[in-house]
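# with the input below, show me the fold.
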Amino acid sequence: MDGATAPAKVRTEVRDRIGVITLNDPATLNAAGLDLMADLGKAFEAFVADPGVRAIVITGEGRGFCSGANLSGGGSAGNATASDPNGPNQALLKIYNPFVSAVRKSPKPLVAAVNGVAAGVGASLARAPISCKPSGGSASSRMAGRPTCCRAWSARPAPWN
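Numbering: from 1, shown residues only. Have a look, this model is predicted:
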């Protein structure tokens, strides 16, 4: 081994009191593996706790925001069942869902600067800042031409259009 370390999957910086979180795995279009999500959660928590940060922006490096869950991790995950304590459902329950919940409960505004592909869990990350709570997004807020109170994408037009 030559002593080189892999680049961080999440980069952070503060610009003008705005915390910027950049997903930094452009080779996979910033696929959300467990390591990336763990780093994302730590970065988000640090910015929420920092009184010098007034708002948070999350974006992706390269040509994609987040291509979804990283399914190339190998191991036994590909053969796991829904009830397997190490299976994919556990990753949703222990990693992805708590992050989205933390975002929705955050006292600081979060902006998703979507710069390309946002698929699967990436779409959830992109939409996580949007909330139906009175302090969050309003009925007039829109994403992709749909009111933001919806939490899922649909191929059919919503009934309120």
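# pairing partners for the helix or strand where residue 22 lies, with directions?
For residue 22, the element it lies in under DSSP states H and E is strand 18-23. The pairing partners recorded for strand 18-23 under DSSP bridges are strand 10-15 (antiparallel), strand 55-60 (parallel).
# hmm, who's touching the helix or strand that comes right after the last one?
Same thing as strand 55-60. Scanning forward in sequence from strand 55-60 by DSSP H and E, the next helix or strand is strand 64-66. Contacts of strand 64-66 with the rest of the structure, by CB atoms under 8 Å, 6 or more residues apart in numbering, involve 23, 26, 29-32, 59-60, 112-119, 121-122, 125-126. Heads up, the C-betas are built off the backbone N, CA and C, glycines and all.
# for residue 27, give its distance to residue 126.
Shown here: residue 27 relative to residue 126, a distance of 20 Å by CB to CB, to the nearest Å.
# same question, residue 100
From residue 100 over to residue 126 the distance is 11 Å, taken as CB to CB.
# could you do residue 17 as well?
Between residue 17 and residue 126 the distance, using CB to CB, works out to 23 Å.
# what does the helix or strand just after the strand holding residue 22 rub up against?
On the C-terminal side of strand 18-23, the nearest following helix or strand under DSSP H and E is helix 34-49. Residues lying outside helix 34-49 but in contact with it, judged by CB under 8 Å, 6+ apart, are 8-10, 12, 19, 21, 23, 25, 30, 32, 53, 56, 58, 70, 73, 91, 95-96, 98-99, 102-103, 106-108.
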